[in-house]
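In: Fold the following, please.
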Amino acid sequence: MRGAKMLTWSRGLRDAVDLNLEHTDQEVVDAEEQQPAEPVAVIASWAWDAIRHHRGLPCAILEAAELAANQTAGFEAIQDLIRVRSGPNRTRRTGG
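Out: Model prediction:
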């Protein structure tokens, strides 16, 4: 229903729950505690080009890095994902 009112506050409810002020998006962002970014892994451009076409892998890599308890765990999770999801490394040389 285009143009229909989606939410109506009952009389006094907005004051009762202390929601008198509307906050701008910037105010909400500024109010959140911002943690400094911490690099988890650096992926070379040639490696990223090789893995970015694997469906869902780039998102899985970012999620693994975000959910990791620490930098080491994040790096290991990313390595495991790349190893498992991208298949065998055809450029790896074995033997001497």
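
In: And the longest helix seen in the chain, what does it pack against?
Out: If you go by DSSP state H, the chain has its longest helix at helix 71-85. Packing partners of helix 71-85 (3 or more CB pairs under 8 Å, 6 or more residues apart in numbering; DSSP states H and E): helix 45-51, helix 57-67. Using the backbone N, CA and C atoms, a C-beta is placed for each residue, glycine as well.

In: residues of the longest one that come out buried?
Out: Residues of helix 57-67 classed as buried under the neighbour-count rule (16 or more other CB atoms under 10 Å) are L57, A60, I61, A64, A65.

In: Packing partners of it?
Out: Using 3+ CB pairs under 8 Å, 6+ apart, the elements in contact with helix 57-67 are helix 45-51, helix 71-85.

In: of all those, which lies closest to A31?
Out: Among the helices and strands packed on helix 57-67, the nearest to A31 by CB to CB is helix 71-85 (27.1 Å).

In: Figure out how far the closest one is from the centre of its chain.
Out: 15 Å (CA atoms, centre = their mean, to the nearest Å).
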